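Asks: Let me see the structure of the following:
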Amino acid sequence: MSTLTNPHPLSGARTSRLAVAGLPLTAIAFLILSVAISLGWSHYKLLWNDELLVLWTDSAPSIGQIIQIQRTGPLSLDPLLYHVLAHFSIHFFGAGAFAIRLPSLLGYLLMEICLFFFVRRIIDERTAVFALAFPAITATLYYSAEGRPYGMMLGFCALAMVSWQSATRRESNRELALITLAPAVALALNTHYYCILILIPLCAAEVFRTFQRRRLDLPVIVSIGAGIAGIVFTLPFTKAAGEFRLHNYDAGLTTPHLIPEAFRFILVDYAGNNRGILHALDIGLVLLIVLIVWGCIRLLCTRPQLLTKAEAVFLTLLASLPIFGYLLSRFVTHTIEPRHLIPALVGVTPLLAFALSPLFCRKKAGNFTLLALFLAVAFAGAIRIHTERASMQKTMSALTLAPEAKARLMANPGQLLYVQDEHRFASASYYVPDAEVRSRLALVYSFDQEMLWGNHNTDALTAMHMRAFTHFNIVRYESVAAQPGEHLFVQVGDSGFDWTNQAFSADHANINPLGSGLGGEVLSVRFIP
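Replies: Numbers count the residues shown, from 1 in each chain. The predicted structure follows:
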């Protein structure tokens, strides 16, 4: 694609003679490393609840059935595009982790490639290789091995950015860029509902160009408008997804702390609550912002012909996506999670590359830095794979039922093992090695109990939707509590979603622990009539 690979004549870019499709060997080496780490990570990474909801949805026999599920009773609250791609991937590779994660991996690689071409057009090849490689050292690499649409979010947002850049840097021979821009925007909007935030930097940068040029660039505006029109394909699915919004588990909890939390989530593999570490990370974020601002001001002042002001507006607003995400959730959606804002990385990465560009302009220093980055990515990837392998072994070991619990379950042919925690149920129903135990699992739900003890109904809604098209045993808690005799429950007290302990206490049930199982405690429960 010539519009994406030829550097701008003012950029001073130096291109390698050894290149494949415009990518130098160093860039290809980083792409291969990203793929290797992602596949190794995915090999040991167990499917978790959200991915299993995707797998159950997209394993439906036809696209028509998937459309019906997403329109009426979705489990995975995303527009249709990712599910269609995952469905075809399942068709070719079978229903498993690789199939539903493949679209995410391809989307992540697309982002890396787009970052390379975007930065090379402005600076030079070594700086562009850094931009391609940097995401792999961040926490977002996780989403290249995740069966959710976030890897595709990154890819399509980056494609929209580089297509817009290519279209706006030319007055002629830009048909391919314009043709690419419209579907890139439309595909982004149909990948995830929060991709609507990409319109803020895109439209603001184009408005800036219009005032700067004192005239409209109609082909670019038409292309952007055509892409925005693609949002109509999300409309049939918004009502069903919106059902979860009113009493979502994170509804009403949005605070300004979301902004630094989102940046930490994007850049750093840390999920703890240690205040000292959090303060250190926040200081690091502030220093990173200072470095980026200083570097970009320096670039605009010393080489203003390289980075256009419209591109600076685009990147700055895109990197500020957590701010807009907070405002959107605060005043409109009332629910958001940091992972919904990871396209900010697409803006942060070029800005950081520009700030470090003086380093890469020196051949020895630049090559040494890229080598150090390659080793750092490989080392961090090895740690991630090793950690995931240990976590997988621990999780699989915890799924085993204690002997007394299993004996009590098997003593009665009609006995079910009730699990209220949806995440634990999903994992157990897929990974418990004993087929007989898996067949006895039952998911318990209750709108009233979940609202009473958790102030949300997310799990109950999901359970109701699962009943419509899955083969699992799914029953109301109230129905179980009304039956005499012994009932076996798995209680996961530290999950944050398990309300059975409070419900048992309120119902004055007799409880007898039987041992561990499925990552929790197996209880014999008798309800008092």
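Asks: Buried residues, stretch 288-305. List them.
Replies: Across stretch 288-305, burial judged by 16 or more other CB atoms under 10 Å covers 288, 292, 295, 296, 299, 303. For every residue, glycine as well, the C-beta is placed using N, CA and C.
Asks: so the first one touches residue 352, yeah?
Replies: Yes - counting by CB atoms under 8 Å, a contact exists between residue 288 and residue 352, whose distance comes to 7.3 Å.
Asks: Show me the strands in the protein, by range?
Replies: Using DSSP state E, the strands of the chain run over 19-20, 23-24, 417-419, 441-445, 473-476, 487-491, 510-517, 520-526.
Asks: Highest mean neighbour count out of the ones you listed?
Replies: Among those, the stretch with the highest mean neighbour count (mean count of other CB atoms under 10 Å) is strand 417-419, at a mean of 26.
Asks: which residues sit against that one?
Replies: For strand 417-419, the surrounding residues in contact (CB atoms under 8 Å, 6 or more residues apart in numbering) are 409, 425, 428, 437, 440-444, 475, 480, 487-490, 517-518, 522.
Asks: Each with direction, which strands does it pair with?
Replies: Strand pairing for strand 417-419, determined by DSSP bridges: strand 441-445 (parallel), strand 487-491 (parallel).
Asks: domain assignment for this protein?
Replies: What automatic domain parsing lists as the domains of the chain is 27-391, 399-526.
Asks: in the stretch 201-350 of the chain, which ranges drop under the pLDDT threshold?
Replies: Flagging of the stretch 201-350 of the chain using pLDDT under 70 yields the residue ranges 247-253, 270-273.
Asks: Could I get the average pLDDT for stretch 189-198?
Replies: Stretch 189-198 shows an average pLDDT of 96 in the prediction.
Asks: So for that stretch, what gets flagged as buried?
Replies: 189, 190, 191, 192, 193, 194, 195, 197, 198.
Asks: Can you get me a residue count around the nearest residue to residue 278 once chain neighbours are set aside?
Replies: Excluding its sequence neighbours, the residue lying closest to residue 278 (CB to CB, 6 or more residues apart in numbering) is residue 264, at 7.6 Å. For residue 264, the count of nearby residues is 20 (other CB atoms under 10 Å).
Asks: next one: residue 507
Replies: 14.
Asks: Residue 228 touches residue 199, doesn't it?
Replies: Yes - with contact defined as CB under 8 Å, residue 228 and residue 199 form a contacting pair (6.6 Å).
Asks: Find residues that contact each of these two.
Replies: With CB under 8 Å, 6+ apart, residue 228 and residue 199 have common neighbours residue 185.
Asks: Check whether residue 492 really touches residue 421, as I assumed.
Replies: Yes - between residue 492 and residue 421 there is a contact under CB under 8 Å: 4.5 Å.
Asks: between these two, who's got more neighbours?
Replies: Neighbours were counted for residue 492 and for residue 421 using other CB under 10 Å; residue 421 has more, 26 against 20.
Asks: re earlier: for the residue nearest to residue 278, give me its contacts.
Replies: Contacts for residue 264 (CB under 8 Å, 6+ apart) come out as 270, 278, 281, 282, 285, 338.
Asks: Just give the nearest non-adjacent residue to the third one, would you?
Replies: Translated: residue 281. residue 264 (5.3 Å).
Asks: ok, now the fourth one?
Replies: Taking CB to CB, 6+ apart as the measure, residue 282 lies nearest to residue 260, with 5.6 Å between them; neighbours along the chain are not counted.
Asks: hang on, the one you found packs against residue 283?
Replies: No - with contact defined as CB under 8 Å, residue 260 does not reach residue 283; the gap is 10.8 Å.
Asks: which of these two has more neighbours?
Replies: residue 260 (16 against 10).
Asks: Could you report the separation of that one from residue 269?
Replies: According to CB to CB, to the nearest Å, residue 260 and residue 269 sit 16 Å apart.
Asks: Equivalent analysis for residue 326, please.
Replies: The value you get for residue 326 to residue 269, if CB to CB is used, is 22 Å.
Asks: of those two, who's got more company?
Replies: Legend: neighbour count by other CB under 10 Å for residue 326 and residue 269, higher for residue 326 (20 against 16).
Asks: Thought residue 258 was touching the more buried one, still the case?
Replies: Yes - Residue 326 is in contact with residue 258 according to CB under 8 Å; the separation is 4.8 Å.
Asks: shared neighbours, those two?
Replies: Joint contacts of residue 326 and residue 258 (CB under 8 Å, 6+ apart) are residue 336.
Asks: The closest residue to residue 445 other than its chain neighbours: neighbour count?
Replies: Nearest-residue entry for residue 445: residue 463, 3.6 Å, with adjacent residues in sequence omitted and distances by CB to CB, 6+ apart. When neighbours are counted by other CB under 10 Å, residue 463 registers 25.
Asks: you'd agree residue 463 is up against residue 446?
Replies: No - counting by CB under 8 Å, residue 463 sits too far from residue 446 to count as a contact (9.1 Å).
Asks: Number of residues surrounding residue 44?
Replies: For residue 44, using other CB under 10 Å, the count is 17.
Asks: do the same with residue 420
Replies: Residues lying near residue 420 (other CB under 10 Å) number 28.
Asks: contacting residues around it?
Replies: Residue 420 makes contact with 443, 444, 445, 459, 477, 489, 490, 491, 497, 498, 499, 500 under the criterion CB under 8 Å, 6+ apart.
Asks: cool, and residue 263?
Replies: Going by CB under 8 Å, 6+ apart, the list of residues near residue 263 reads 285, 322, 344.
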